[in-house]
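Trainee: could you work out the structure for the sequence below:
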Amino acid sequence: MHRRTRLAALAVAVTAFMGSAQPAHAQNSEVVTLLQDLVRINTSNPPGNEALVAELLRTRLEPLGFQVEIVPTPTTGKAHLIARLPATAPDGRKALLLAGHEDVVGVERALWTVDPFAAVIQGDRLFGRGALDFKGGLAAFTVAAMRLAREGAPRTRDLILLAEADEEGGSYGTTWLAENHWAKIDASESINEGGWIFEGGSGGARLMGITTIDKNSLSVTFRTRGTSTHSSRPLPDSALRRLVRALDRVERYDTAPKIDPTARKYLRAWARTANVQTARRLRAITTTRNPAERRRLANQLRDGQWGELFDGLLRNIFVPTIVESGFRANVLPGTAEATVNMRMLPGQKPRPLIRELRRAVNDPKVQITPIVSGDATVKETLDAFDKRAGQAPTSTDTDLYRTLAREGRRQWPGAVVTPALFEAGTDATPWRQRGIPVYGVYPYPISHADLMAMHGNDERVPIKGLEQGTDMLTRVLRAAVG
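Mentor: The predicted structure is shown next:
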């Protein structure tokens, strides 16, 4: 099917799908209605089907004067959207980029209490896969950009809204887009997903982190082999037994805590909003030079509230995520395989971490191999992560950072605003590698329970926080391109 015909068919599919969806309640704001529309399009990756989201956004943006291009990838149905709002009084600066992803992770439907793709509103939250990560952010970015277009005030530079494919995994994410279409997404600075805003305080939020650097994520495969036989005669060299033993060692292994400079600033700011005991531990861990004391404090923080987040900020993380073995209940399998995800602190190169992982497993019969994307070799993949390890945090001495911080404090009076390390990862690498400032924010205050539901069951986003974040972003865009 030709590209034009295929995209037209997708547009018809989007129209038919949205026409059959449950109507939004009359009192819902524009950003809530858009988020419901986005959640109701199942973009679980794989396969993604992100072109459906791109076509939906095209229908909202083109009538307002955005120059919209949908960039197909080599995978049918997978596409990026690039929507440019041209400057009306250009001053020579490059564009400001808003970047958020269209795809989401899959679901375990039986564990949800609501339909993950119905965009159900219960109480003060909207439930659905991607509501928090990152269709909520994409909706906020889009509506803030649409408001700017409607206002018609002079704009001194272009605004680009990028809706990305393959952020949650795959071969055709922003690295592929930058390699093939860089001129379309080149910018002087960018706002992406990233830093958390935490509910609390008299103004509705107590802490706003603005991401200036991310951890990097690389997965490896554990493979084992053994004798396959009848399950009534288990053997010592069972592949599955060996794999289970290796994964148990990974689960019990603690990497040494390290204090990244950006994490140090983040944790010190967090201490200003925490309870007395947590604040004392946070201040102590950012100042001690004693490795044993640092480990003791890190373990204490891990055992308290927000402990999983503190652990991610302080350590390289090894975590098993997928296990595959066997095909019948009465057969001892001859092979077993698992995926272990590594989350690497800034500056960390993968090869030493893989060697550390092998030492932790302590079994030469467990083969550990990096997982590559597309047609890249293992060496090319590891070399690329070596290059990422050299990225420096984005400077906070910029007008855009100051604007984000100012408007965050204005939106949530009393909130502590700080540069932050993002404990997960984003698709901001192509811009950071080119020295372009990138600031990450999930533009809504959330609770601990909201954070824990991300990539989990009953994912949701606070409606009031989503609307507040959209207002905050609107003011940021006015200042940044006006």
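
Trainee: list the residues that contact Asp124.
Mentor: The contact partners of Asp124, by C-beta atoms under 8 Å, 6 or more residues apart in numbering, come to 462-464. C-betas here are computed from N, CA, C, even on glycine.

Trainee: out of the residues you listed, which are buried?
Mentor: With burial judged by 16 or more other C-beta atoms under 10 Å, the buried subset of those is 462-463.

Trainee: could I get the contacts of Asp124 as a markdown table with secondary structure?
Mentor: Rendered in a markdown table, the data for the contacts of Asp124 read as follows (DSSP: H, G, I helix; E, B strand; the rest coil):
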| residue | secondary structure |
| --- | --- |
| Pro462 | strand |
| Ile463 | helix |
| Lys464 | helix |
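
Trainee: ok, the contacts of Asp124 vs Pro350, which is closest?
Mentor: Pro462 (36.3 Å; C-beta to C-beta).

Trainee: so that closest one makes contact with Ala449?
Mentor: No. Pro462 is beyond contact range of Ala449, at 10.6 Å (criterion: C-beta atoms under 8 Å).

Trainee: any chance you could map the strands in the stretch 201-350 of the chain?
Mentor: 205-214, 216-225, 229-230, 317-325, 331-332, 335-344 (DSSP state E, counting those that start in this stretch).

Trainee: residues in contact with the spatially closest residue to Pro154 that is not a sequence neighbour?
Mentor: Of all residues not flanking Pro154 in the chain, Ala89 sits nearest, at 4.4 Å (C-beta to C-beta, 6 or more residues apart in numbering). Shown in contact with Ala89 (C-beta under 8 Å, 6+ apart): 154-156.

Trainee: will you turn the residues you listed into CSV that also has neighbour count, pLDDT and secondary structure?
Mentor: Listed next are the contacts of Ala89 as CSV, based on neighbours: other C-beta atoms under 10 Å; pLDDT from 0 to 100; DSSP: H, G, I helix; E, B strand; the rest coil:
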residue, neighbour count, pLDDT, secondary structure
Pro154, 11, 97, coil
Arg155, 23, 98, coil
Thr156, 14, 98, coil
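
Trainee: nearest to Val71, of the residues you listed?
Mentor: Arg155 (23.6 Å).

Trainee: list phi and psi for the closest one.
Mentor: phi -120, psi 130 (degrees, to the nearest 10).

Trainee: can you tell me the centre-most residue of the protein?
Mentor: For the chain, Thr426 is the residue whose C-alpha lies nearest the centre (C-alpha atoms, centre = their mean; 4.8 Å).

Trainee: list the contacts for that one?
Mentor: Contacts of Thr426 (C-beta under 8 Å, 6+ apart): 167, 192-194, 211, 214, 440.

Trainee: again, 7 Å this time
Mentor: By C-beta atoms under 7 Å, 6 or more residues apart in numbering, Thr426 lies in contact with 192-194, 214, 440.

Trainee: among those, which are in strands?
Mentor: Using DSSP state E, the subset of the contacts of Thr426 located in strands is 192-194, 214, 440.

Trainee: reformat the residues you listed as a markdown table; add distance to Ile121.
Mentor: Formatted as a markdown table, the ones in strands among the contacts of Thr426 follow (distance: C-beta to C-beta, whole Å):
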| residue | distance to Ile121 |
| --- | --- |
| Asn192 | 27 |
| Glu193 | 23 |
| Gly194 | 26 |
| Asp214 | 31 |
| Gly440 | 27 |
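
Trainee: so how far is Arg58 from the closest residue to Leu235 other than its chain neighbours?
Mentor: Nearest residue to Leu235 in three dimensions, chain neighbours excluded: Thr227, at 5.0 Å (C-beta to C-beta, 6+ apart). For Thr227, the distance to Arg58 (C-beta to C-beta, to the nearest Å) stands at 57 Å.

Trainee: what about the helices in the stretch 351-482 of the chain?
Mentor: Ranges of helices within the stretch 351-482 of the chain are 378-389, 399-411, 429-433, 448-453, 463-481, based on DSSP state H, counting those that start in this stretch.

Trainee: comparing those, which comes out most buried?
Mentor: helix 463-481 (a mean of 21; mean count of other C-beta atoms under 10 Å).

Trainee: ok, residues contacting that one?
Mentor: For helix 463-481, the external contacting residues (C-beta under 7 Å, 6+ apart) are 29, 31-32, 35, 96, 124-126, 136, 140-141, 143-145, 147-148, 155-157, 159, 204, 400, 403-404, 407-408, 411, 443-446.

Trainee: okay, now the domains of this protein?
Mentor: Using automatic domain parsing, the domain parsing of the chain gives 3-214+391-481, 216-255+316-344+347-389.

Trainee: got a pLDDT number for Tyr401?
Mentor: Looking at Tyr401, its pLDDT reads 98.

Trainee: quick one: contacts for it?
Mentor: Counting by C-beta under 7 Å, 6+ apart, Tyr401 has contacts 210, 439.

Trainee: quick one on the thing from earlier: between the contacts of Ala89, which is nearest Val323?
Mentor: Arg155 (51.9 Å).

Trainee: quick check: Asn192 touching His101?
Mentor: No. Contact criterion C-beta atoms under 7 Å: Asn192 and His101 do not qualify, at 9.3 Å.

Trainee: from the middle of its chain, how far away would stretch 90-99 be?
Mentor: Centroid displacement of stretch 90-99 relative to its chain, using C-alpha atoms, centre = their mean, to the nearest Å, is 23 Å.

Trainee: may I have that stretch as CSV, with CA atoms only?
Mentor: These are the backbone C-alpha positions of stretch 90-99, laid out as CSV (Å, rounded to 0.1, in the frame of the first residue of the first chain):
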residue,chain,number,x,y,z
PRO,A,90,11.2,35.4,14.0
ASP,A,91,14.3,36.6,15.9
GLY,A,92,16.7,34.0,14.4
ARG,A,93,16.6,31.5,17.3
LYS,A,94,16.1,27.8,16.6
ALA,A,95,12.8,26.1,17.6
LEU,A,96,11.7,25.0,21.0
LEU,A,97,10.9,21.3,21.0
LEU,A,98,8.2,19.5,23.1
ALA,A,99,8.8,15.8,22.9
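
Trainee: that'll do, ta.
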